[in-house]
Every structure is written in C-alpha cells, then in structure tokens.
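1. Generate a structure from the sequence data that follows.
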Amino acid sequence: MDLKGTIKFIFYLLVILGGIAVLKLLSEFDYQSRKTDTPQWELVWSDEFEKDGAPNDTIWQYDLGDGCPVLCGWGNNEQQYYTSDSANVFVNGGQLHIKAIKNDAFGKPYTSARIKSKPEFDIKYGKVCVKLKNPSGVGTWPAVWMLPTKNYYGYWPKSGEIDIMEHVGYHPDSIYGTVHTASYNHLKRTQKGGTVAIPDNESTFHKYSIEWNQDSILYKVDEKPYFTFKNINHSHREWPFTKDFHIIMNVAMGGNWGGAEGLDTTITTATMEVDYVRVYKDSSPQKLF
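-> Next up, the predicted model:
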C-alpha cells in the first residue's frame, strides 16, 4: 500500500472508531436517562390452570415411568412410578393437581406425575414464579425445578440444575432453593442453596420464584429474598446457566432425600396444588454496547 493509500486507510479507520465512540457515548447517555433500579418484569407466558381436565398439552408434556433402565429411581431411589393418568395429574377448580397415590400396579408403592414445559416455552434469564401448596407427610418430596433442554456442557450435573422449590415432608416447615453444577452438587456435598421457614406451606398457597440473569439467580418466597447464587465468572463448571432451561413439576415419594427419615406407608395420597406458573422477561433498558 502506497503512502496515499495508507493515509486514506488511517482516515477511514479513525472515522469508524470515532463513530463507534460517539455511538457508545449516546448509548450510555440513553441508558443512564432511562435505566431503572429494579427489573421491569413483562409477562412472557403463563398457565393459570383455568380449564378443568388434563394439563394444557400445548405447554406441558410428561416424564413417564421410574427412570429405568437408564436412571432407575430417577437417580435418587425414589418410590413412585410416573404416569399421565388423570388420577395422578389433572386441573380442577383453577388449580393443577399433581397427586401421588398408593398403588403398586407398576412395581412401585406409589404412582405420581412429573410434567415439564415444552421446548417452545424454554427460558434463558428472566423470572419464574409458581404459586402452590405442598403436600404433607413423611416421605413426600414435591418440587418445582429446571433442567437444560440440551446438555450443552455435558450430562448432569455439568449443564446445571435450578431447583426453584423443594420440600421434604419430614421437615414440614422448610423450603429449599438449590443449584447444581459440575463444581457444586450434592454428590460432592458442595451444592449451593438456601433454606427458609414457611410454617404453613402445606396448608396455604405461597409464591416461589427465581430471578435469573447473567450475574446471579435470586430466590424468593412471596417476593422476599432468601438466597442468591452469584456468577463468579470462573467457568461453566461453576456457572452453566447460559442456555435454555425448561420447568419441571413433580411429587416424588421417598428417595435418598425425601425418604431420608423413612416413608410413611400409611399415606394413601399426597397432592401438590399449583395455582399458576408465570414466566417473565426483564424489559428494563439495556446497554447497546
């Protein structure tokens, strides 16, 4: 390139860099003038469970069986067999009912249900809020949780798990929120989570939610925070929460955690009632650069 060409190239480069600098300055000014101190939650989708019968099949699908032969007992020695039967999962009176029933027809002491949102309703960042009432009884293990739709970083726990709400019947007043990753998981006893006492969670509906962004996952009950898991910017071993996840709701019976203090076999039914599932995105102003 001759001198004239070099000077021309440098001129255009400076013009481009100057334009980028001006755009960044204008973007920052715009952001500072419109930013909010708190997220502005905009509803993306919800299920209010208003139509009696089976769960809405445009949103929900089923996990069936006992996990065998790949993951018998779903990896936790659980004592239920999941079905799509209307006795185990149904909508009635404005609530979704997920019901464990004493029934050994499938080789387990109980039948129950586990439903999950379809890929069209996947979530990456945002707020998930589920209003529900837990079942009671030693050995019950209801949960609302999230798994990655694709195991981008490898199989569990490498691609992550977000447990929005777990409850074990032998601790009737306790609610748990937990994350699992390659570095932090219960197999290593390194899982990260929080616990909050909600004495009436088995008799009253409460709102269980997470607020998830690229920096943290904030856990709340009835909009009151009780645990935050922060992205420490190391690697996907600590923070695999960069991909699409889906929602799962189920009632397990027994298992390594749910049955840690036994399973009361006099329990004939145990029902988790869900009033709604709501998913939001943060529509507050974002920086362009």
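
2. and the helix or strand where residue 273 lies, what other elements does it pack with?
-> Residue 273 belongs to strand 269-282 when assigned by DSSP states H and E. Judged by 3 or more C-beta pairs under 8 Å, 6 or more residues apart in numbering; DSSP states H and E, strand 269-282 is in contact with strand 41-47, strand 95-102, strand 126-133, strand 140-148, strand 245-253. For the C-beta atoms, the positions are set from N, CA and C on the backbone; glycine is no exception.

3. Tell me which residues are up against the helix or strand following the fourth one.
-> Counting by DSSP H and E, the next helix or strand C-terminal to strand 140-148 is strand 161-166. Under the criterion C-beta atoms under 8 Å, 6 or more residues apart in numbering, residues 128, 130, 132, 141-147, 175-181, 193, 208-210, 212, 217, 219, 241, 245 lie in contact with strand 161-166.

4. circling back: in TSV, list the helices and strands packed on strand 269-282 along with distance to residue 113.
-> Putting those into TSV (distance: least, C-beta to C-beta, whole Å) gives the following:
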stretch	distance to residue 113
strand 41-47	15
strand 95-102	5
strand 126-133	14
strand 140-148	11
strand 245-253	7
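
5. Spit out the contact partners of the closest residue to residue 152 other than its chain neighbours.
-> Spatial nearest neighbour of residue 152, chain neighbours left out: residue 243 (5.0 Å); criterion: C-beta to C-beta, 6 or more residues apart in numbering. Contact analysis of residue 243 by C-beta under 8 Å, 6+ apart lists 124, 148-150, 152, 159.

6. Could you chop the chain up by domain?
-> 1-35, 41-282 (automatic domain parsing).

7. Out of those, indicate the one that is most buried.
-> Among the domains of the chain, ranked by average contacts under mean count of other C-beta atoms under 10 Å, first place goes to domain 41-282 (a mean of 18).

8. Return the distance of that domain from the chain's centre.
-> 7 Å (C-alpha atoms, centre = their mean, to the nearest Å).

9. first vs last residue of it, how far apart are they?
-> 5 Å (C-alpha to C-alpha, to the nearest Å).

10. before we move on, what about stretch 64-84?
-> Termini of stretch 64-84 sit 7 Å apart (C-alpha to C-alpha).
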